[in-house]
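A.B. asks: what follows is a predicted protein model with its sequence.
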Amino acid sequence: MTAQKKIIVIGGTGYAGSAIAREAAKRGHTVSSVSRSTPVERIEGVTYFTSNVADIGSAIVGADVVIGALSPRGANVGALAKTYGQLTRQVADAGARLILIGGFSCLRRQLGAPRMLEVESFSSEIPAEIVAEAKENLDVLNSLLTDATGVDWLFVSPGLEFSAWTPGEDLGHYRIGDDVALFDENGKSAISGIDFARAVLDEIESPTRHRAQIGVAY
């Protein structure tokens with residue numbers, strides 16, 4: 001039987017965060033969601049707190065895992081790397097594991113290739129506002145790659161099709177890659193919210209990688 005863990009989900013009311021919180025609670029972990037607002041519909045087994053990341057130091061004391069599922073939108077525009085930098089130090093001080101949910105464009109097409117966002121032909125194909133968000137996620141990853149706190153971090157990038165607008169289906173399986181993007185036999189890179197959450201919880205319960213980036217897709 002898997003040992004119960006205390007899991008804090010920062011941004012636990014968003015698409016990725018709520019899926020992860022739901023799966024963690026379902027598995028019997030002690031789950032808290034921290035966000036600027038509480039959801040209309042709460043997930044059974046999840047405790048909700050309204051707070052800014054800057055004020056959550058005491059909330060993560062005793063936590064085993066802290067998950068960052070914030071998006072570089074709204075109040076986070078231009079501030080995500082700084083916010084996560086502060087969170088990284090807090091998690092390191094708490095002796096917890098840090099898992100940050102990133103973006104598809106932070107992955108590579110093949111081993112040793114530039115990250116997709118660093119390839120001009122890729123970034124020119126997507127809307128400017130999406131490029132801006134992707135750059136913030138890449139800033140977060142680059143900060144982790146040079147982290148000096150020693151925190152046990154993991155940066156998780158979902159497939160290209162991963163959002164509330166393309167929720168996908170509960171297929172009950174997934175694949176894990178390192179920093180190279182995964183595509184199916186039809187050239188599609190996608191993962192549903194529930195299967196992505198399963199991948200994250202499986203990694204929490206039985207860690208396979210430390211201080212590394214992984215990609216999750218079918």
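C.D. replies: All right, it came through fine. None of the values given here were measured: they were computed from a predicted structure.

A.B. asks: drop to CA atoms for contacts and neighbour counts, all remaining ones
C.D. replies: Will do.

A.B. asks: can you say which helix or strand has F196 in it?
C.D. replies: Following DSSP states H and E, the helix or strand that holds F196 is helix 193-205.

A.B. asks: for V140, what are its contacts?
C.D. replies: 80-81, 84-85 (C-alpha atoms under 8 Å, 6 or more residues apart in numbering).

A.B. asks: could you dump the residues you listed to JSON lines with neighbour count and pLDDT?
C.D. replies: JSON lines is the format used below for the contacts of V140 (neighbours: other C-alpha atoms under 10 Å; pLDDT from 0 to 100):
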{"residue": "L80", "neighbour count": "20", "pLDDT": "91"}
{"residue": "A81", "neighbour count": "22", "pLDDT": "92"}
{"residue": "Y84", "neighbour count": "20", "pLDDT": "95"}
{"residue": "G85", "neighbour count": "15", "pLDDT": "95"}
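
A.B. asks: coming back round to it: which elements pack onto the helix holding F196?
C.D. replies: helix 15-26, strand 212-217 (3 or more C-alpha pairs under 8 Å, 6 or more residues apart in numbering; DSSP states H and E).

A.B. asks: now do that helix and helix 15-26, the angle between them.
C.D. replies: Between helix 193-205 and helix 15-26, the angle comes out at 60 degrees (axes from the mean of the first three to the mean of the last three C-alpha atoms, to 10 degrees).

A.B. asks: list the buried residues in helix 193-205.
C.D. replies: Residues of helix 193-205 classed as buried by neighbour count (16 or more other C-alpha atoms under 10 Å): 193-201, 204.

A.B. asks: check the offset of the worst-scoring helix or strand of the chain on mean pLDDT from the chain's centre.
C.D. replies: Across the helices and strands of the chain, mean pLDDT, DSSP states H and E gives its lowest value to helix 120-123, namely a mean of 74. The chain centroid and the centroid of helix 120-123 are separated by 23 Å, computed with C-alpha atoms, centre = their mean, to the nearest Å.
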